[in-house]
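1. I'll drop the sequence and a predicted model, then ask my questions.
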Amino acid sequence: MIDLAALASLRAVDHHGSVVAAADALGYTPSAVSQQVKRLERQAGLDLLERVGRGVVLTRAGRQLVADGAALLAELERIEADLHAGSGAVVGRLRVTAFSTAVRGIVAPAARALLDAHPGLVLALTEEEPWDTVDLVARGQVDVGVAHSWGDVPLAVPEHVATHEVGRDVADVVLPVDHPLAGRGTVTAAALVGEPWIATPPGTICREWLERMHDGTGARPRIAHQSREFDSHLALVAAGLGIALVPRLGRAALGPGLTTLEVSDPEPTRSVLALHRRTQGSSPAVAATLAALDAAWAAR
């Protein structure tokens with residue numbers, strides 16, 4: 001009979017591309033993952049992995065086993081969640097990933113509260129971009145993901161993944177206190193046309209929203225500098241190198257030389273979402289995590 005725990009390890013190797021990376025994601029040692037895959041090969045009577053350079057890939061039989069076994073693993077996950085729900089125990093290992101400002105703003109305090117309240121729970125936290133978070137949750141590599149969706153920028157979520165809105169976050173324009181627009185309180189996107197922007201790289205959700213914010217103005221944002229980290233945006237603005245659109249969630253305190261403006265028409269608002277697979281809907285650990293995120297949001 002096929003060992004389902006070993007099948008989960010094989011799926012992780014397929015997704016992460018190596019035994020070491022799979023072991024890190026699962027919280028096992030590389031030796032344990034290798035032994036599980038070898039046990040699965042003995043049970044199947046077939047080679048499931050083959051070496052390619054320094055890495056490994058699944059054989060045709062391995063890919064077939066992972067694809068056909070997906071439903072079994074999903075059902076096992078549902079059974080485990082129902083089992084824990086029957087006892088009410090918040091226990092086990094929960095993998096959580098979130099975008100950077102959520103890690104700083106709500107995930108860190110939520111994780112502390114969870115561990116204090118539930119000693120039998122083990123958390124593994126990682127930081128990822130929203131699109132990657134959705135994929136990781138959908139594939140079973142993460143249990144709870146925190147992502148965001150800006151305005152009308154879509155965040156495609158598969159049907160088997162459930163969403164829970166934690167809150168709605170607003171971004172402000174950060175600029176030097178001696179900037180001509182400082183002190184207005186609120187501006188429209190049209191008033192910002194031609195300003196040098198410090199922005200996240202192309203392909204990020206925040207960059208897409210900045211560009212869409214300029215729709216209807218007849219101009220595109222003039223990107224002067226790029227950085228992935230909002231803390232770096234604040235430093236660049238403080239140096240007089242441009243202005244930036246920075247969310248309030250997880251934002252560091254502004255220095256004495258910086259101020260903010262609210263933007264209207266359109267207002268840069270994002271929905272902060274917690275994601276989990278529907279098969280884990282009855283899990284007390286997942287429910288406790290969602291509640292802790294809600295509490296951390298309310299306490300900001």
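-> All right, it came through fine. Residues are numbered from 1 along each chain as shown.

2. Ramachandran coordinates for P196?
-> Torsion angles at P196 (phi, psi; degrees, to the nearest 10) stand at phi -80, psi 120.

3. hang on, R139 packs against D14?
-> No: if you go by Cβ atoms under 8 Å, R139 and D14 don't touch, sitting 9.6 Å apart. No exception for glycine: its C-beta is placed from N, CA and C like everyone else's.

4. Show me which of these two is the more surrounded one.
-> More crowded of R139 and D14, by other Cβ atoms under 10 Å: D14, with 20 against 15.

5. what comes up buried for the helix or strand hosting the more buried one?
-> Applying DSSP states H and E as the criterion places D14 in helix 4-16. Under the neighbour-count criterion of 16 or more other Cβ atoms under 10 Å, helix 4-16 has A6, L7, A8, S9, L10, R11, A12, V13, D14, H15, H16 buried.

6. same deal with stretch 20-27?
-> Neighbour-count burial for stretch 20-27 [16+ other Cβ under 10 Å]: A21, A22, A23, D24, A25, L26.

7. And whichever strand or helix holds the fifth one, what does it pack against?
-> In other words, A25. Per DSSP H and E: A25 is located in helix 19-26. If you count contacts as 3 or more Cβ pairs under 8 Å, 6 or more residues apart in numbering; DSSP states H and E, helix 19-26 packs onto helix 4-16, helix 30-44.

8. Distance to G203 added to the buried residues of helix 4-16, as TSV?
-> TSV is the format used below for the buried residues of helix 4-16 (distance: Cβ to Cβ, whole Å):
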residue	distance to G203
A6	36
L7	34
A8	31
S9	32
L10	31
R11	27
A12	26
V13	28
D14	25
H15	21
H16	22
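
9. Helix, strand, or coil at V122?
-> strand (DSSP: H, G, I helix; E, B strand; the rest coil).

10. Please list all residues in contact with it.
-> G27, G92, R93, L94 (Cβ atoms under 8 Å, 6 or more residues apart in numbering).

11. need the contact list for V286.
-> Here V286 is in contact with A81, L94, D143, V144, H276, Q280 (criterion: Cβ under 8 Å, 6+ apart).

12. Do me a favour and average the pLDDT over the one helix or strand it maps to.
-> In this assignment (DSSP H and E), V286 forms part of helix 284-298. For helix 284-298, the per-residue pLDDT values average out at 97.

13. Just list what the one helix or strand V237 maps to packs against, helices and strands only.
-> Element membership for V237 (DSSP H and E) is helix 230-238. Packed against helix 230-238 by the contact rule (3+ Cβ pairs under 8 Å, 6+ apart) you find strand 161-176, strand 196-199, strand 243-247, strand 258-264.

14. what about the ones you listed, which gets the closest to H225?
-> strand 196-199 (4.8 Å; Cβ to Cβ).

15. And the contacts of the closest one?
-> Here strand 196-199 makes contact (Cβ under 8 Å, 6+ apart) with 206-207, 210, 221-227, 233, 236-237, 241-245.

16. Any regions of this protein where pLDDT drops low?
-> 1 (pLDDT under 70).

17. Show me how it divides into domains.
-> The chain breaks down by automatic domain parsing into domains covering 4-85, 91-300.

18. So in this protein, which helix runs the longest?
-> Selection of the longest helix in the chain by residue count, based on DSSP state H, yields helix 60-87.

19. and that one, how far from the chain's centre?
-> 23 Å (Cα atoms, centre = their mean, to the nearest Å).

20. Show me what it packs onto, helices and strands only.
-> Secondary elements touching helix 60-87 (3+ Cβ pairs under 8 Å, 6+ apart): helix 4-16, helix 30-44, helix 284-298.

21. moving C-terminal of it, what's the next helix or strand?
-> Following helix 60-87 toward the C-terminus (DSSP H and E): strand 92-98.

22. What residues sit buried inside that following strand?
-> Neighbour count says strand 92-98 has G92, L94, R95, V96, T97, A98 buried, by 16+ other Cβ under 10 Å.
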